[in-house]
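Trainee: give me a 3D structure for the following:
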Amino acid sequence: MAGETRRWTDQVVEVWIGNLLRAGVILSAGVVLFGACVYLVRHGHELPHYRVFVGTPKDLRTVSGIWRNVLAFRGQGLIQLGLLLLIATPVARVAFSVVAFAVERDRLYVAVTLLVLAILTYSLMGGRL
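Mentor: Alright, predicted model coming up:
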């Protein structure tokens, strides 16, 4: 109602985090499934060459390369985007936790969660600054 402020209780935060994780996984699975369908429509008739190992193309190893493939509507790029979304889901959870702890004015947990977020970011950048 009008003058009531909604408190960020632990239960409210847990529900938000659960919904965030669920939405991230569902979105990721949907993008991967869509990319797989696009890939199979375009390449499903090709026979695999089991004697020759073909790794991931170089343009699918960077975010910019993945994005270019997505914009070109290539199945492999869409699948990689779905995997990036899956990786981003727990990172988004940690970032949301920082905000939730800040709203609750819990400085210790804000500091610890920021440290975890910094470590995650550092590791996702390949250990380079």
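Trainee: count of residues packed around L60?
Mentor: Number of residues near L60 (other CB atoms under 10 Å) recorded here: 17. For every residue, glycine as well, the C-beta is placed using N, CA and C.
Trainee: return the set of buried residues in the lengthiest helix in the chain.
Mentor: Ranked by number of residues, the top helix in the chain under DSSP state H is helix 10-43. Neighbour-count burial for helix 10-43 flags V13, W16, I17, L20, G24, S28, V31, V32, G35, V38, Y39 (criterion: 16 or more other CB atoms under 10 Å).
Trainee: how about stretch 87-97?
Mentor: T89, V94, A95, F96, S97.
Trainee: next one: stretch 58-73
Mentor: D59, L60, I66, N69, V70.
Trainee: next one: stretch 110-129
Mentor: Across stretch 110-129, burial judged by 16+ other CB under 10 Å covers V110, T113, L114.
Trainee: gap between the first one and L124?
Mentor: From V110 over to L124 the distance is 21 Å, taken as CB to CB, to the nearest Å.
Trainee: please apply the same query to the last one.
Mentor: Applying CB to CB, the value for L114 to L124 is 15 Å.
Trainee: contact partners of stretch 16-25?
Mentor: Applying CB atoms under 8 Å, 6 or more residues apart in numbering, the contact partners of stretch 16-25 are L85, L86, A88, T89, P90, A92, R93, F96, S97, A100.
Trainee: output the contacting helices and strands for the host helix or strand of P90.
Mentor: P90 is located in helix 75-103, with elements delineated by DSSP states H and E. If contacts are counted by 3 or more CB pairs under 8 Å, 6 or more residues apart in numbering; DSSP states H and E, helix 75-103 sits against helix 10-43, helix 63-71, helix 107-124.
Trainee: turn those into TSV, including mean pLDDT and distance to V52.
Mentor: As requested, those are arranged in TSV below (pLDDT from 0 to 100; distance: least, CB to CB, whole Å):
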stretch	mean pLDDT	distance to V52
helix 10-43	93	16
helix 63-71	92	22
helix 107-124	92	31
